[in-house]
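Q: task: produce atomic coordinates for the following.
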Amino acid sequence: MYQELVRRNVIIIALSLLVFFFLSLYTTNFVNQKNVTTELVYLSRILANEIDNTVSESEVSDVVNKFTENQTWFQISVANSHGYIMIDSTSDGIGEGVYSSLTEDELKRAGYIDQTDRTYISQGKIYYIEQLNEDIIMRTSIAIVDNTDFIFQSVFFLGVVLIAVLIVSISFTGKTIRTITNAFDEITNNMRTISQGEYHEMKTDHRYEEVRRAFCEVNAVNNSVYQYIQSISSERDKINFIINNIYEGIVILGISGTVYSANKYACEALNIQPQTGSNIRDIINDPFFISKLQQTIDGEGEVRFDFYNKRTDKIYLVGMNRFTQIYEVDSEDLIAVVLTDVTVSRREERIKADFVSNVSHELKTPITSISGFSELLLSGLVKNPDDVQQYISNIHKESVHMKNTIEELLYLSKLEYNNNSVPSDEQVDLAELANAVLDNWQRKASKHHVKLLDVAGHCTVKGSSALLEHMLSNLVENAIKYNKENGTVLIETGYKEGKPFISVSDTGMGIEARHLDNLFDRFYRVDTSRSRETGGTGLGLTIVQKICQLHNAEINVTSVFGQGSTFTITFGGTNA
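A: Numbering: from 1, shown residues only. Coordinates of the predicted model:
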């Protein structure tokens, strides 16, 4: 801009000077010619008066000689009425020689009344012609001065003046233009800082009033723009904060697969780190996910499906919806992808399904037995009193098994329902608890020829004594039921690494390693036939694990098949 303004200013000044020069030259020539003409007419009138006073040709010749003596710039010719020149000052001698005649145009002009009509230019001279009387016609002339040298000199001086003027003009104009362009640069830089999120008010104390007013207006506009940008940025930050902190994943895609936005939750759920403008097909290698995305792009309405993340072992409910003719980015429709963590609910659904299946299976056998035996008794086909008594005993046994199963289920449901309301402010001495449980199970242990032992070190935990007793009773009961004849059951209490613990060991059949992972599942039995004989429901260890969870305790199992098992419960530091 600076160079353009300087170039234009130089051109304008140069053209102005040239126009001024030629106008001045024309005016000078015009004025000079007019002055010469005036002078010629003036001298000619004086000459005409003197010629009018003569009576002979010799007197006329004397008058001409007087006017042209010692000079050649003023020329005089005197002709008769027929146009024949009798006297001419340009000849070597007045009245001698052969003269030419006046032209018809000159004879005609000589009779004009107006002086301007009697003046004309011919062959580089200005002529004045007048008929003085019937016999004499006077013609005078003055040569027009050749201005060629003057013009060349003027051109030279004009060039010098032009260069000087241009230098001065460029200097002063450059300063002015630089001041203005600096003002534009300041405005540009100020606006650039606004786009970068910063704002500084420009100083308005400028030497030019117009620039000062412009600065004031720009400051007002920039301040409004900055406030608007700040407002938008604030709203954007709020929206980003909300989106990034909600417990759902949100991804905005174009139908081309371009990722426009993805919050942190979605990135973690999908194992992606998208860059601006990246394509979802390049960062997700799951064919099933891509196929569902294609269904959405094809306009099949809202698409919902479960997506399993192997890395995090979580299940997400994915909803995809295409927004048509509402929001468009880069001239394409948008697809909203919403991910919700349904891991817990899906696992609970699976647990419920397994639970119903297991309960149905567990209750089906005793119900079938009860139904079968009761039908035989009602039919009257069983006559032998001993058989009748045996059938009744079987019905009672199966009823008791059903009753125990239902009670265990209700107890487990109660624990799960009261997950957050189990008393935990009671101080329970594990050594005293172990002695009480051993006393309760002493008779059954003697019946099974199992010896109960304890190594009780005093330690206390916070919790529910009733729940902890139920937990320990289940472990001791299992240790007795699945023990060998003349075996032993050992209960230990104390501290390990500063944490209270209680363990139950037996010398029974032990548990194979393949069963350990599923040992605490509902209705899981290591030996189904043995459990049926001992009346086990398959819920005892599940209840034990649940009580441990309620008391912030961890249960571990070590077992050697054929030698016995040890269940160790370690309580957290908060329970000590």
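Q: tell me the pLDDT at I569?
A: According to the prediction, I569 has pLDDT 92.
Q: correct me, but it touches S503?
A: Yes. Here I569 lies in contact with S503, judged by Cβ atoms under 8 Å, at a distance of 7.0 Å. Placement of C-beta: from N, CA and C, glycine included.
Q: show me what contacts E268?
A: E268 makes contact with G249, T312, according to Cβ atoms under 8 Å, 6 or more residues apart in numbering.
Q: related to what we said a few turns ago, I569 and S503: who's more crowded?
A: I569 (25 against 21; other Cβ atoms under 10 Å).
Q: just checking, the more buried one is part of a strand?
A: Yes. Counting by DSSP: H, G, I helix; E, B strand; the rest coil, I569 is found in a strand.
Q: tell me how many other residues crowd R322.
A: 20.
Q: does it sit in a helix, a strand or a coil?
A: Using three-state DSSP, the structure places R322 in strand.
Q: so it bridges to which residues?
A: R322 has these beta-bridge partners by DSSP bridges: I335.
Q: just I126 next, same as before
A: Beta bridges link I126 to I121, I142, judged by DSSP bridges.
Q: and it, what does it touch?
A: Counted by Cβ under 8 Å, 6+ apart, I126 has contacts Q33, V36, T37, L40, T119, Y120, S141, I142, I144.
Q: quick one: contacts for the last one?
A: The one in question is I144. I144 neighbours (Cβ under 8 Å, 6+ apart): Q33, V36, I121, G124, K125, I126.
Q: burial check on the first one, number of neighbours?
A: Same thing as Q33. Residues near Q33, counting by other Cβ under 10 Å: 14.
Q: show me which of the contacts of I126 are buried.
A: V36, T37, L40, T119, Y120, S141, I142 (16 or more other Cβ atoms under 10 Å).
Q: what's the first helix or strand after the longest helix along the chain?
A: The longest helix of the chain (DSSP state H) is helix 2-52. Counting by DSSP states H and E, the element after helix 2-52 in chain order, helix or strand, is helix 57-68.
Q: partners of the next helix or strand after that next one, with directions?
A: Next helix or strand after helix 57-68 toward the C-terminus (DSSP H and E): strand 74-79. In the sheet, strand 74-79 lines up against strand 85-88 (antiparallel), strand 137-143 (antiparallel) (DSSP bridges).
Q: report the distance from the helix or strand just after the longest one to the chain centre.
A: In this case it means strand 137-143. Note on strand 137-143: by DSSP H and E, the next helix or strand toward the C-terminus is helix 148-195. With Cα atoms, centre = their mean, to the nearest Å as the basis, helix 148-195 stands 45 Å off its chain's centre.
Q: got it, and stretch 558-568?
A: 62 Å.
Q: with stretch 244-252 instead?
A: 17 Å.
Q: before we move on, back to that, TSV for the contacts of I144, including pLDDT and distance to I370?
A: Listed next are the contacts of I144 as TSV, based on pLDDT from 0 to 100; distance: Cβ to Cβ, whole Å:
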residue	pLDDT	distance to I370
Q33	79	149
V36	83	154
I121	86	152
G124	80	154
K125	86	157
I126	89	155
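Q: circling back: out of the contacts of I126, who's nearest S61?
A: Using Cβ to Cβ, S141 is the member of the contacts of I126 that lies nearest S61, at 18.0 Å.
Q: now do the contacts for that closest one.
A: Counting by Cβ under 8 Å, 6+ apart, S141 has contacts L40, F74, Q75, S77, K125, I126, Y127, Y128.
Q: swap in 6 Å and give it another go.
A: Q75, K125, Y127 (Cβ atoms under 6 Å, 6 or more residues apart in numbering).
Q: helices or strands up against the longest helix of the chain?
A: Helix 2-52 sits against helix 57-68, strand 125-131, strand 137-143, helix 148-195, with contacts defined as 3 or more Cβ pairs under 6 Å, 6 or more residues apart in numbering; DSSP states H and E.
Q: any chance of JSON lines for the ones you listed, columns distance to T258?
A: JSON lines is the format used below for the helices and strands packed on helix 2-52 (distance: least, Cβ to Cβ, whole Å):
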{"stretch": "helix 57-68", "distance to T258": "104"}
{"stretch": "strand 125-131", "distance to T258": "90"}
{"stretch": "strand 137-143", "distance to T258": "92"}
{"stretch": "helix 148-195", "distance to T258": "24"}
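Q: pLDDT-wise, which helix or strand of the protein ranks last?
A: Ranked by mean pLDDT, DSSP states H and E, the weakest helix or strand in the chain is helix 528-534, scoring a mean of 49.
Q: quick check: mean pLDDT of the next helix or strand after that one?
A: Next helix or strand after helix 528-534 toward the C-terminus (DSSP H and E): helix 540-550. Mean per-residue pLDDT for helix 540-550: 83.
Q: got the CA positions of helix 540-550 in PDB?
A: The C-alpha coordinates for helix 540-550 follow below in PDB (Å, rounded to 0.1, in the frame of the first residue of the first chain):
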ATOM      1  CA  GLY A 540     -23.000 -71.000  51.400                       C
ATOM      2  CA  LEU A 541     -19.800 -69.700  49.900                       C
ATOM      3  CA  THR A 542     -21.700 -67.100  48.000                       C
ATOM      4  CA  ILE A 543     -23.100 -65.700  51.300                       C
ATOM      5  CA  VAL A 544     -19.600 -65.900  52.800                       C
ATOM      6  CA  GLN A 545     -18.200 -63.700  50.000                       C
ATOM      7  CA  LYS A 546     -21.000 -61.200  50.300                       C
ATOM      8  CA  ILE A 547     -20.500 -60.800  54.000                       C
ATOM      9  CA  CYS A 548     -16.700 -60.300  53.300                       C
ATOM     10  CA  GLN A 549     -17.600 -57.500  50.900                       C
ATOM     11  CA  LEU A 550     -19.800 -55.800  53.400                       C
END
